[in-house]
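[1] Structure, please.
(2 chains)
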Amino acid sequence: MRKNISQRIREGRFYLDGGMGSSLIAMNYSTNGAELLNVSHPDVIQTIHKRYINNGSDIVYTNTFGANRLKLTNADLKTVIESAVETARKAAGEDKYVGYSCGPLGELLYPFGDLSFNDAYEYFKEQAEIVQNTDVDVVVLETMTDLAELRAAILAFKENTTLPVWSSMSFEQNQRTYTGVGIKSFVLTAQGLGVDALGFNCGIGPDMMYDNAKEIVKYAAVPVFVKPNAGMPYIKEGKTCYDMDAEAFSCHIAKIAELGISMLGGCCGTNEKYIEKTVKLTQNIPFKIFDNEVEGICSASKTVDFLPTVVIGERINPTGKPRLKQALVENDFDYIVSLASEQTEAGAQVLDINVGLGGIDEAAALEKAVVSVQAVSDLPLCVDTGRLSALERALRVTNGVALINSVNGEQKSMEGVFPLAKKYGAYVIGLCLDENGIPSTVEGRLEIAKRIILEAQKYGIKKEKLLFDALTMSISVDDNNANVTAETVRELNKLGVKTVLGLSNVSFGLPNRSIINGTFYKMMTDDGLTAVIINPSLKPAENPFAKDALLGKDKGCKKYIEKVAGIKEEAVSSAELTIYDAVLKGLKGESLALAKRDVNKDNFMSVIDGEVIRALNDLGQKYEEGKAFLPQLIAGAESAKAVLDEIKANYMSGVSAYKATMLLATVKGDVHDIGKNIVKAVLSNYGYKIIDLGKDVGFDQIEQNIKTHNPSVVGLSALMTTTLDNMADTVKQIKEKYPEIIVAVGGAVVTQSFADTIGADVYSKDAQEAVRKLSKYFD
Amino acid sequence: MFIDKNEVKRYLRLHGGDCGDIDELIEKLSQKALETLCPKSVINSFEIEHTQNGIVLKGTDVSFEGNLVKKTFEGCDEVYVFAATLTLQSETLLKQCFAKSTVDGIVCDSVLTTMIEAYCDEIDEAVVKKGISKNKKATRRISCGYGDFSIKSQKDILDLLNAQKILGVKLNENNMMFPNKTVTAVMGLAPFDDKVTAEEISVLKNKCQSCCAFCDFKR
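    Got it, this is the predicted structure:
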């Protein structure tokens, strides 16, 4: 009778099985829908399992790699899975183990494809619910290349079964998966979610896997396994073959075994001979159970290991930011993404995401913000909310290991946050305050920090996973405020915990805040602060007057105000530049800075017409004359947008600034959207509200959006001759049902005569011509 | 691998002129692409038979048809078929650039197009060398979707190479590949004929000159 599997794998070397698909091919069965063989030919599957058991495998994996609803659309999943387990159990008997094999769903998750995290979860959950009632010992998630998909699978099996879960990804020789996941991100994330073992399978042979194995043993804190392919694939007589025989395979895998890796098997191209040779060659090699204590938060591709001082970008937070508030109300996640992008450029290592705003559904908005930001940013995220429901939704979709902002010393807060932190493997910022507010003394704040550490331990969260915020109060309120904060940080450092500060509060109510903030930043960095939550364009600096004020040596900050208030903050690099010049030259940063400085409630209309639109028109003309080129045109458009956004947010709230709403899409089947994006960038400055439906868009989706947005124009783009038919079809349907809507078309293969033939109202060869031709309808 | 800035500019339709900032951006993004991306490919050779409409790949049920195929592979007795991709990480890089600004996005797109072509050129050269070792001359590479070589062959090509599994390439119902920066191509090898001059080989190798497709980017 076999032992509990989690115990067994820690006690001795443990051999896995080899390839199922390649064994089937060798027996002349197709691997297409191979899972159906569990029902139609269980004897064949059992024979393969039996061969592995007879040749040294301690476990066989069920033939269920693709047993999911997306791949087996019409099959009875329950029967397929149950027969698979029954067959494997017959071969394994009561002494050997059965692992439930679960592979990727076969469709790409967002942002690579259309499948949402939550839908992926549901597909895995369907399997998990069936597996829970079968006689398997462990669930093995295999061949994953997308961290989001792996997370969905781990959560589905953890939440819907009581079984141990092993997880395995396919890494290439460059130590990345196909989607770009790094080894450390994989380990931190999977271990954070509580997997019982982890490793690699498929993709490459054991020779190429060696360096990857060397990397994983640096981070693992659970048993590790490898299941390489029989070398690299090649095609012979229409069949995929592998270039490494059993002898060579076992020699290479023995080298991996020498790294201490205890669980060995094979993937594509291997058969029982590979396992037999592997067993012979490795059974006496000593192994290790890894217990690394590696720290860090991560995204799918980047890890941050808290070497001081980590910069956490604070700008995705609507407090005091009218433009972000407006974006949240309008569901404009592009704007949030642009803030993420700017902060990444400015040197942020982690992005804080806070969308707390009255009147919106915070949980939904936070989830959407996380999903949107991580689609374009590779930085780890700090999920910032006081609402538990929002926190859990965001943690679920955060791809990697998140930082939670925050918990405090109040019992209710800890009881809410810690279970979520434990479940999702997240790090937590602990605020040194509780229901009685912020203690005014260092001792008071430390007392709360210690309370938080003790309470976290009850949930199995080590203090290494906590960062303490000593809390920053303005020195304009009390000269001693910065001293208390700084001293608390130093004391927390002595306790051996990580520290963090949202430090810009320190200058609240004072002039030239960035001078004080920069100086405080420098002082706290020197004191060993672990992380700082700031606008990442702020750099550490030292100003003697600010320093005295921060150290409490300048009563009421009088000297600071006297000496520093007159200094102009460096906002605009060239004093000579006008908004017109900046837009014409495509200088986005300067355009925005000038708009902030020069626009007011009395002149904003004249700025729009006299400077922004004039510059755009002049630039457009230069472009049409061949004196300016596409990138310049777009840079101008983006600079104009920055100015117009600033004006809209501050002076035009509630006023409809649009002359028309336009839906924009690349037609069904076509995945090229560069041209469409250019049209969007240019037209949005001319008073069009652009609803961008993306690429590969069919009539149904367009119609849905016609009903929601009531547009005056629909713009369609196609780049391939093969998708011109789809364009013709879409135009026809729009014109039949909504004859009042103007349809504009364009794209590399579209011509005026084609546009005429299909009944489009407007054809334009480029964005600039679209502006001109559409203006006839709306100006 | 080398990303030719002039090629990038050609895709961007920057016809000379002063484009200082753009030059810098091209340089920066080329560097980034070379650092982050690890292109992958799969290639295989097939003996061929000529038919009235084109060629048949021996040992498979795949055939390629049309005048472009017939003309290009005239005299050939084998073809190399390959698929090459900049992988999904190119999609991520492109998204990141578009999030930063549309200018970054379109420049990045052109950089990546140049890069996948440069990568294909490397594979192309390897086939030429292979040809020489077999005492054969290589044709230029052609891809389905150009001229009258139907894009419907895309699925056959990917299946032939098991590229969907090995490279992770996906194909939609209109035979568009994903990641977008993925190329499939076919090159022919013909026994060396003393009559073929170096000049003729260079014509054969010129990607644009012998293509009959209408294209904005024709050199």
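
[2] so where's chain A uncertain?
    Along chain A, the parts satisfying pLDDT under 70 run over A:238, A:566-575, A:653-657.

[3] Which single helix of the chain contains the most residues?
    Went with chain A since none was named. Among the segments of chain A that qualify as a helix by DSSP state H, the longest is helix A:630-651.

[4] wait, chain B
    With DSSP H setting the assignment, residue counts place helix B:102-133 as the longest helix in chain B.

[5] helix or strand right after it?
    Read in the C-terminal direction, the helix or strand following helix B:102-133 is strand B:136-138, with elements assigned using DSSP states H and E.

[6] Just checking: what are the partner strands of that following strand?
    Using DSSP bridges, strand B:136-138 pairs in its sheet with strand B:182-191 (antiparallel).

[7] Now do the buried residues in the partner strand.
    Neighbour counts using 16 or more other CB atoms under 10 Å in any protein chain shown place B:Thr182, B:Val183, B:Thr184, B:Ala185, B:Val186, B:Met187, B:Gly188, B:Leu189, B:Ala190 of strand B:182-191 among the buried residues. Quick note: C-beta positions are derived from backbone N, CA and C, even for glycine.

[8] Dig out what the fourth one forms beta bridges with.
    Translated: B:Ala185. Beta bridges link B:Ala185 to B:Phe82 when assigned by DSSP bridges.

[9] And it, how close does it get to B:Gly145?
    For B:Ala185, the distance to B:Gly145 under the criterion CB to CB, to the nearest Å works out to 11 Å.

[10] again, but for the fifth one
    To B:Gly145, B:Val186 is 12 Å away according to CB to CB.

[11] Looking at chain A, which residue is nearest chain B?
    With CB to the nearest CB as the measure, the residue in chain A that lies nearest chain B is A:Gly669; the distance is 3.2 Å.

[12] Next, that residue: secondary structure please.
    Put simply, A:Gly669 is coil when judged by DSSP: H, G, I helix; E, B strand; the rest coil.

[13] Could you give the number of residues near it?
    Counted with other CB atoms under 10 Å in any protein chain shown, residues neighbouring A:Gly669 total 21.

[14] Please name the nearest non-neighbouring residue to it.
    Counting by CB to CB, 6 or more residues apart in numbering or on different chains, the nearest residue to A:Gly669 once its immediate chain neighbours are dropped is B:Asn174, at 3.2 Å.

[15] do the same with B:Thr92
    On the basis of CB to CB, 6+ apart, the spatially nearest residue to B:Thr92 that is not a chain neighbour turns out to be A:Gly180, at 5.9 Å.

[16] One more: A:Gly21?
    A:Thr31 (4.3 Å).

[17] residues in contact with the one you found?
    Remark: with contacts taken as CB atoms under 8 Å, 6 or more residues apart in numbering or on different chains, A:Thr31 is in contact with A:Gly21, A:Leu24, A:Ile25.

[18] Could you measure from it over to B:Gly168?
    Using CB to CB, we find A:Thr31 at a distance of 17 Å from B:Gly168.

[19] same deal with A:Ala190?
    If you go by CB to CB, the gap between A:Ala190 and B:Gly168 works out to 21 Å.

[20] Kindly report the same for A:Lys50.
    Distance from A:Lys50 to B:Gly168, counting by CB to CB: 33 Å.

[21] next one: A:Gln349
    When CB to CB is applied, the distance between A:Gln349 and B:Gly168 equals 29 Å.

[22] how about residue 39, what does it touch?
    I'll assume chain A. In this structure, A:Val39 makes contact with A:Thr79, A:Val80, A:Ser83, judged by CB under 8 Å, 6+ apart.

[23] Wait, chain B was what I had in mind.
    Residues near B:Pro39 by CB under 8 Å, 6+ apart: B:Met1, B:Ala84, B:Thr85, B:Leu86, B:Thr87, B:Met115, B:Ile116, B:Tyr119.

[24] Do I have it right that the last one meets B:Ala84?
    Yes: under the criterion of CB atoms under 8 Å, B:Tyr119 is in contact with B:Ala84, at a separation of 5.5 Å.

[25] Which members of the contacts of A:Val39 are classed as buried?
    For these, burial is judged from neighbour counts taken by 16+ other CB under 10 Å, and it is met by A:Val80, A:Ser83.

[26] Can you redo the contacts of A:Val39 as TSV, where the extra columns are distance to chain B and secondary structure?
    Compiled in TSV, the contacts of A:Val39 are given as follows (distance: CB to the nearest CB, whole Å; DSSP: H, G, I helix; E, B strand; the rest coil):
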residue	distance to chain B	secondary structure
A:Thr79	27	helix
A:Val80	21	helix
A:Ser83	25	helix
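
[27] and A:Gln621, how many neighbours does it have?
    Counted by other CB under 10 Å, the residues lying close to A:Gln621 total 12.

[28] Can you tell me how far it is from A:Ala582?
    Here the criterion is CB to CB. By it, A:Gln621 lies 18 Å from A:Ala582.

[29] same deal with A:Gln768?
    20 Å.

[30] Kindly report the same for B:Ser153.
    For B:Ser153, the distance to A:Ala582 under the criterion CB to CB works out to 50 Å.

[31] More neighbours: these two, which one.
    A:Ala582 (28 against 24).

[32] Report whether stretch B:63-74 contacts chain A.
    No: using CB under 8 Å from any CB of the partner chain as the criterion, no contacts between stretch B:63-74 and chain A are found, and the smallest distance is 14.1 Å.

[33] domain ranges for chain A?
    With domains defined by automatic domain parsing, chain A comprises A:5-282, A:308-401, A:571-656, A:658-779.

[34] Dump those to TSV, plus distance to B:Ser133.
    Formatted as TSV, the domains of chain A follow (distance: least, CB to CB, whole Å):
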stretch	distance to B:Ser133
domain A:5-282	18
domain A:308-401	43
domain A:571-656	44
domain A:658-779	37
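
[35] which residues are in contact with stretch A:622-635?
    If you take CB under 8 Å, 6+ apart as the criterion, stretch A:622-635 is touched by A:585-588, A:619-620, A:678, A:681-682, A:767-769, B:12-15, B:17, B:19, B:21-22, B:25, B:101-103, B:106-107.

[36] Can you say which helix or strand has A:Pro439 in it?
    Using DSSP H and E, no helix or strand contains A:Pro439.

[37] secondary structure element for the nearest residue to it once chain neighbours are set aside?
    Distances taken as CB to CB, 6+ apart place A:Arg445 nearest to A:Pro439, at 5.1 Å, with adjacent residues excluded. Using DSSP H and E, A:Arg445 falls within helix A:442-458.

[38] got the buried residues for that helix?
    Under the neighbour-count rule (16+ other CB under 10 Å), helix A:442-458 has A:Val442, A:Gly444, A:Arg445, A:Leu446, A:Ile448, A:Ala449, A:Lys450, A:Arg451, A:Ile452, A:Ile453, A:Glu455, A:Ala456 buried.

[39] Which single one of these is nearest to A:Arg176?
    Each of the buried residues of helix A:442-458 was checked against A:Arg176 using CB to CB; the closest is A:Ala456, at 33.3 Å.

[40] Give the full set of residues in contact with that closest one.
    Applying CB under 8 Å, 6+ apart, the residues contacting A:Ala456 are A:Met414, A:Phe418, A:Ala421, A:Val428, A:Gly430, A:Lys462, A:Lys463, A:Lys465, A:Leu466.

[41] Show the low-confidence segments of chain B, by residue range.
    Counting by pLDDT under 70, the low-confidence segments of chain B come to B:15-20, B:193-219.

[42] who touches whichever residue of it sits closest to chain A in this structure?
    Nearest to chain A in chain B, going by CB to the nearest CB, is B:Asn174, at a distance of 3.2 Å. Applying CB under 8 Å, 6+ apart, one finds that B:Asn174 lies in contact with A:Lys668, A:Gly669, A:Asp670, A:Met720, A:Thr722, A:Thr723, A:Asn726, B:Ile151.
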